[in-house]
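**Student:** got a predicted structure here, sequence first:
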Amino acid sequence: MRRTFTLLGFLAATAACGDGSTNPPAEGVDTALVVLPPSLELAIGQTRAIAAFLVVGDSDTVVVGPVWTSRDTVIASVNAGGVVTGKSAGVTRVVANAVGHADSIAVTVLGELVTPPGLRRLASTLSQPVFLTSAPTDFARLYVVEKTGAIRILRNDTLLTSPFLDLSGLVSAGGEQGLLSMAFHPDYVTNGYVFVSYTDTLGTSKVVRYHATDPETVDAGSALEILSVDQPYTNHNGGLVAFGPDGMLYVGLGDGGSGGDPLGNGQNKGTLLGTILRLDVDGATPYAIPADNPFVGEAGSRGEIWAYGLRNPWRFSFDRGTGDLYIGDVGQGEREEVDVQPAASTGGENYGWNVMEGTSCYNAASCQMQGLTLPVAEYTHAEGCSITGGSVYRGTAVPVLQDKYLYADYCAGWVRSLTYAGGQVVESQDWPDLSPGGSVTSFGEDGNGELYIMTLDGKLFRVVAN
């Protein structure tokens, strides 16, 4: 059984009760309450989330909802949900009490007041921007994908008139369809290969390779179709393409659409829908299936599949520092989730849709969770409607964001971060100064690891230090 034991993974391990309740430990079983992280350091005005776990016996560990208190509220406060806020310089302890057990951690509040990062607007007239990237070794240009069919260039932060590539006559741009992403081949400097993902005029998902004749021009006649996947409905197309640290091309595809996965694609390894694929685009034309993909040779399964059980992995990204894969999987009617696949994984994770939506059984009081990999973080639709996955910050301009995975909600417009370490989320934080005000379609990274945020109404922002 493969399970990701994280803060929310522990909680989901108790979800078979149906109502999410946690049964008390049996008498005579050794138990202990543990608060994570084991210590905390934050600045005045900063917030961090902590969690408490009840360790039962030798191996069973579950999340509990303790009573939180701070021994010195002048230094740091803690709310009922375990969110600690730095108030003034000093050291205090935050205590958790639950089911007759207690644990505490040291909280150090630094003297300085950290200025939160902000946004610098680079463009406001783009046509529904949905992705941004840069070419290897090119630090002067940003390439912005417009959902309506063009790839635009910002050279030294100036938007050029002529597009890098214009596919507006080939794409269907209504609803969730359109030109959805692009990726430069790792050897782009020598081969000029650019890969794009879009839905064509019939709604079919396409991955196509083009050849760039120079840094600002693509030969529109050089198209080579890599992949074509029929879509039974118009929504949940996924649409991201990205090269991993291993040089393979990863392709995200949603479950085929409608609502609730009526065709059962999420749990069907015989279809490419509801998956992330791993393709070797250098091993054959149009691609080869890597021999070490997890389902190669398995009867009834597609060898291209790297991970499955996804509803709509609209945006995923590789941490350029660790190689970990972060997936923002859009939920159905209740929960949005972040999944993390460690760099050491050999693939094959089943992220649960439509058996589960986040850490909850979908349309059932209980469900079989054996073999499922559960999200490391989630939020309900009381806080938003659709997750926009982002990236782990590895730049240098905004040190306060280092190691943090940033993500957003499309409807609510907020931006949050989480820090994933040692197989679990060790902190989370809201960043109100990074909110562009709604309709967040995507994040992007440039060659230096700096982050960008874009909105459907045509705006593009760089994340900067204030």
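**Tutor:** Right, received. Where do you want to start? Residues are numbered from 1 along each chain as shown.
**Student:** care to break this structure down by domain?
**Tutor:** Domains of the chain are assigned by automatic domain parsing as 7-113, 118-464.
**Student:** kindly reformat the ones you listed as CSV containing mean neighbour count and mean pLDDT.
**Tutor:** Just so you know, the C-beta spots here come from the backbone N, C-alpha and C atoms, and that holds for glycine as well. As requested, these are exported to CSV (neighbours: other CB atoms under 10 Å; pLDDT from 0 to 100):
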stretch, mean neighbour count, mean pLDDT
domain 7-113, 16, 77
domain 118-464, 19, 97
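**Student:** I figured residue 396 hits residue 451, correct?
**Tutor:** No: the criterion here is CB atoms under 8 Å, and residue 396 misses it with residue 451 at 11.8 Å.
**Student:** how about the secondary structure of residue 266?
**Tutor:** Three-state call for residue 266 (DSSP: H, G, I helix; E, B strand; the rest coil): helix.
**Student:** any idea how far residue 394 is from it?
**Tutor:** As judged by CB to CB, to the nearest Å, residue 266 and residue 394 stand 31 Å apart.
**Student:** what of residue 327?
**Tutor:** Relative to residue 394, and taking CB to CB, residue 327 is found at 18 Å.
**Student:** and if you look at residue 51?
**Tutor:** Residue 51 sits 26 Å away from residue 394, going by CB to CB.
**Student:** can you name the residues bridging to the closest residue to residue 163 other than its chain neighbours?
**Tutor:** Distance criterion CB to CB, 6 or more residues apart in numbering; nearest residue to residue 163, sequence neighbours excluded, is residue 150 at 4.2 Å. For residue 150, the beta-bridge partners under DSSP bridges are residue 166.
**Student:** residue 150 contacts residue 169, doesn't it?
**Tutor:** No: between residue 150 and residue 169 there is no contact under CB under 8 Å: 10.7 Å.
**Student:** run through the helices of this structure in chain order.
**Tutor:** Here the chain has its helices, by DSSP state H, at 7-12, 188-191.
**Student:** got the contact list for the last one?
**Tutor:** Helix 188-191 is contacted from outside by 135, 136, 137, 185, 194, 211, 212, using CB atoms under 8 Å, 6 or more residues apart in numbering.
**Student:** and that helix, C-alpha only, in CSV?
**Tutor:** The C-alpha coordinates for helix 188-191 follow below in CSV (Å, rounded to 0.1, in the frame of the first residue of the first chain):
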residue,chain,number,x,y,z
TYR,A,188,16.1,23.9,-26.9
VAL,A,189,19.3,25.9,-27.4
THR,A,190,20.5,23.3,-29.9
ASN,A,191,17.3,21.8,-31.3
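**Student:** so how far is it off the chain centroid?
**Tutor:** How far helix 188-191 lies from its chain's middle: 28 Å, per CA atoms, centre = their mean, to the nearest Å.
**Student:** my read: residue 390 touches residue 401, true?
**Tutor:** No: in this structure residue 390 lies outside contact range of residue 401 using CB under 8 Å: 10.8 Å.
**Student:** what touches both of those two?
**Tutor:** What both residue 390 and residue 401 touch, as defined by CB under 8 Å, 6+ apart, is the set residue 451.
**Student:** so who does residue 402 touch?
**Tutor:** Shown in contact with residue 402 (CB under 8 Å, 6+ apart): 393, 394.
**Student:** before we move on, what about residue 107?
**Tutor:** Counted by CB under 8 Å, 6+ apart, residue 107 has contacts 39-42, 70, 75-76, 84, 86, 91-94.
**Student:** output those residues in CSV, with distance to residue 108 appended to each entry.
**Tutor:** Shown next, in CSV, are the contacts of residue 107 (distance: CB to CB, whole Å):
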residue, distance to residue 108
39, 7
40, 7
41, 5
42, 8
70, 13
75, 9
76, 9
84, 11
86, 9
91, 5
92, 9
93, 10
94, 11
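**Student:** between those residues, which is nearest residue 64?
**Tutor:** Taking CB to CB as the measure, residue 64 lies nearest residue 94 of those, at 15.2 Å.
**Student:** how about the contacts made by that closest one?
**Tutor:** With CB under 8 Å, 6+ apart, residue 94 has these contacts: 35, 40, 50, 68-71, 76, 78, 84, 104-105, 107.
**Student:** run the last query once more with 7 Å
**Tutor:** 50, 68, 70, 76, 78, 84, 104, 105, 107 (CB atoms under 7 Å, 6 or more residues apart in numbering).
**Student:** nearest to residue 339 among these?
**Tutor:** Of all those, residue 339 sits closest to residue 50, with 21.9 Å by CB to CB.
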